[in-house]
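Visitor: When you get a sec, could you give me coordinates for this:
(chains A and B)
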Amino acid sequence: MIERIEIRKFTVFDELETDLVPGVNIFIGANGTGKTHLLKLLYALLHPRWDGSSHEHKLLGVFKPSGSHERLIAKGEKAASIRFQAEGGTFQIVLPKDPASPIASGNLSPDDIKPLYIPVKEMLANAPGFRSLYAQRETHFEEVYADIIDKAFLPPLKTIDPRLEKSLDALQKAIRGKIITKNEVFYLKTGRGEIEFTLVAEGMRKLALLWLLIRNGALEEKTILFWDEPETNINPSMIPLVVEVLYDLERIGAQIFIATHSYVVCKEFELQRKEHSLRYYSLFAEEKRGIGLESSEAYHLLSPNRIADQYGRMYDLEIERALGKEDG
Amino acid sequence: MGDVLIEGELEFDFRKAIRAERFDEEKRHRMSHCMKAVDFLVEWPDALWFIEVKDPSKSSIPDHLSNKERRNFIERMKKKVLFHEELGPKAKDSFLYLHLMGEVPEKPIKYFVLLALRELDKALLSFSARELKQASCLIGPNNSEWRNRYICAAAVYNLETWNQHLGHCPVRRCL
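Guide: Have a look, this model is predicted:
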């Protein structure tokens, strides 16, 4: 698990450093404050073996800049550097401005870390042919899309961790069926037959993906999960279930990183919290200083909080209406 | 005549109002055996306010009980019992009482509830207002507007938003 990160001069970040909790780390912030960049960066660096060239390869695949890694260095800077501290060691990488390869160093063993990235767009329905297309042609899909499809296609485990059985049952109930694959096509098998995934609601497909990943062991105790905007396409009534499942994973040791714009996601984690480790981080643009970061273990103490500001604005307008002459 | 009204530990300064009175008292509300009543009636030049105060965070509750009391309260909120069995009926009965007494004024009536609970952020206050409107019969799934006059607006405040929006009649906790 990652305990601390320090980022210098990388894309939108000038200097950013923070400690992280072993459980659920939730990032909020306006558009363009680097939430997705942060998730992708950690994912890309955790992914390959610890040598400079494979990191470069992964970074380029995940970020898809139009050019070399130099495009990832903050404007006008000579080099970017990222350092993190994880359970059992540290890792550091420097991306130089000249065409030389990035230099990585550290003593972290990657064997115990299983990074997994769930992107905003659901991809299972588009899986047929996508993998071969991605392998053979130059596409403009970030690598996280190909990665998640690969993970979804892993064969199911023979035995399931009993601590995750409850989550699997709850997800299966919500999607009202089981997921099967035939020739790279996913189907939802229900009492009334098999439905191809393109005809299944997108929110359901996201829950189905979660089910698949737990069922095939891609999501387990050693996983570091990065999930960009879990709320996308999911009805708010399903968010309690998603949070329940993520807390079950947290309880067995998985570390979770979430980027979100959703009040319901943020609040649901707080409302369901018992002994869980949970922290909120707010990313915000600072004048002349790039992106700033504040964190809090309690959602209502997190500041600045653009999501709360928006609800606050609506509440204030509602009250003004109620106080005014018109009905409210 | 305006007045300072006290509910438990909370003191409301309604001195700028035309009239501010406790409504749920024996000598004012004479049907308490069968009708519920809101705490205060406060009249302004342009509106009559029904006000109900809920203060589960009050300090007079001993510490070991206060968590339990707050939890009970939040549980009642979650199950919506608070809205449908208490806050809603209080508004309905209060309106009916005024109506039958011929005391419904020729100005809009508004129902304001103060929930002195620090856990309630503005999003939750907003959701609560919707529940309050439903429980008080201001809105419903199939309900077109009432033909006769009824309560026309409802809102839920915490201590902070009350003082923010209703600065002319502030509330404070007196210990």
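
Visitor: ok, and what's touching the helix or strand bottoming out on mean pLDDT in chain B?
Guide: Confidence across the helices and strands of chain B bottoms out at helix B:63-78, with a mean of 76, counting by mean pLDDT, DSSP states H and E. Outside of helix B:63-78, the residues within contact range by C-beta atoms under 8 Å, 6 or more residues apart in numbering or on different chains are B:54, B:56, B:57, B:59, B:61, B:82, B:83, B:86, B:117, B:119, B:128. Where you see a C-beta, it was placed from the backbone N, CA and C, and this is true even at glycine.

Visitor: how does it look with 10 Å?
Guide: With contacts defined as C-beta atoms under 10 Å, 6 or more residues apart in numbering or on different chains, helix B:63-78 is touched by A:271, B:54-62, B:81-83, B:85-87, B:115, B:117-120, B:124, B:128, B:131.

Visitor: mind listing which of those are in helices?
Guide: A:271, B:81, B:124, B:128, B:131 (DSSP state H).

Visitor: Mind picking the two most distant members of those residues?
Guide: Farthest-apart pair in the ones in helices among the contacts of helix B:63-78 is A:271 and B:81; separation 18.1 Å (C-beta to C-beta).

Visitor: ok, back up a step: quick check: PyMOL command selecting the buried ones in the contacts of helix B:63-78.
Guide: Buried members of the contacts of helix B:63-78 can be picked out in PyMOL with the line below, counting by 16 or more other C-beta atoms under 10 Å in any protein chain shown:
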select buried, chain B and resi 54+55+56+57+82+83+87+115+117+119+120+124+128+131
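
Visitor: Let me see the ranges of the strands in chain B.
Guide: B:3-7, B:10-14, B:19-22, B:40-44, B:47-54, B:109-115, B:151-157, B:171-173 (DSSP state E).

Visitor: in the shortest one, what's buried?
Guide: By that I understand strand B:171-173. Quick answer for strand B:171-173 (16+ other C-beta under 10 Å): residue B:171.

Visitor: so what does that strand touch, helix or strand wise?
Guide: Packing partners of strand B:171-173 (3 or more C-beta pairs under 10 Å, 6 or more residues apart in numbering or on different chains; DSSP states H and E): strand B:10-14, helix B:159-165.

Visitor: between those, which gets nearest to residue A:324?
Guide: The closest of the helices and strands packed on strand B:171-173 to residue A:324 is helix B:159-165. By C-beta to C-beta, the value is 11.4 Å.

Visitor: Residues contacting that closest one, please?
Guide: By C-beta under 10 Å, 6+ apart, the surrounding residues in contact with helix B:159-165 are A:312, A:315-316, A:319-320, A:322-323, B:10, B:12, B:53, B:55, B:57, B:112, B:114-118, B:120-122, B:125, B:155-158, B:169-173.

Visitor: give me that answer again for 6 Å
Guide: By C-beta atoms under 6 Å, 6 or more residues apart in numbering or on different chains, the surrounding residues in contact with helix B:159-165 are A:319, B:114, B:116, B:170, B:171.

Visitor: Skipping adjacent residues, who's closest to the third one in space?
Guide: The spatially closest residue to residue B:116, leaving aside those adjacent along the chain, is residue B:55, at 4.3 Å (C-beta to C-beta, 6 or more residues apart in numbering or on different chains).

Visitor: That neighbour and residue B:11 touch, don't they?
Guide: No - if you go by C-beta atoms under 6 Å, residue B:55 and residue B:11 don't touch, sitting 11.5 Å apart.

Visitor: From the contact counts, what lies against the lengthiest helix in chain A?
Guide: The helix that spans the most residues within chain A, counting by DSSP H, is helix A:306-323. Contact analysis of helix A:306-323 by 3 or more C-beta pairs under 6 Å, 6 or more residues apart in numbering or on different chains; DSSP states H and E lists helix B:122-135, strand B:151-157 as its packing neighbours.

Visitor: Would you indicate which residues of the first one are buried?
Guide: Meaning helix B:122-135. Here helix B:122-135 shows B:122, B:123, B:124, B:125, B:126, B:128, B:129, B:131, B:132, B:133, B:134, B:135 as buried, counting by 16+ other C-beta under 10 Å.

Visitor: which residues does the third one contact?
Guide: The contact partners of residue B:124, by C-beta under 6 Å, 6+ apart, come to none.

Visitor: how far away is the closest residue to residue B:173 other than its chain neighbours from chain A?
Guide: Sequence neighbours aside, residue B:9 is the residue nearest to residue B:173 in space, at 5.2 Å (criterion: C-beta to C-beta, 6+ apart). Between residue B:9 and chain A the computed distance is 22 Å (C-beta to the nearest C-beta, to the nearest Å).

Visitor: Now do the residue of the stretch 51-200 of chain A found nearest chain B: how many residues are near it, please.
Guide: Nearest residue of the stretch 51-200 of chain A to chain B (C-beta to the nearest C-beta) works out as residue A:170 at 20.2 Å. Residue A:170 has 15 neighbouring residues, counting by other C-beta atoms under 10 Å in any protein chain shown.

Visitor: Now it: which helix or strand?
Guide: For residue A:170, the host element (DSSP states H and E) is helix A:165-175.

Visitor: residue ranges with poor pLDDT in the stretch 101-250 of chain A?
Guide: A:109-110 (pLDDT under 70).

Visitor: how much space between the spatially most central residue of chain A and residue A:249?
Guide: Residue closest to the average C-alpha location in chain A (C-alpha atoms, centre = their mean): residue A:227, at 2.1 Å. Separation of residue A:227 from residue A:249 (C-beta to C-beta, to the nearest Å) stands at 11 Å.

Visitor: same thing with residue A:1?
Guide: Plainly put, residue A:1 is 12 Å away from residue A:249 if you go by C-beta to C-beta.

Visitor: Also residue B:81?
Guide: Distance from residue B:81 to residue A:249, by C-beta to C-beta: 34 Å.

Visitor: repeat for residue B:135
Guide: Residue B:135 sits 38 Å away from residue A:249, going by C-beta to C-beta.

Visitor: With residue B:67 instead?
Guide: 30 Å.

Visitor: Ok, residue A:224 next?
Guide: As judged by C-beta to C-beta, residue A:224 and residue A:249 stand 11 Å apart.
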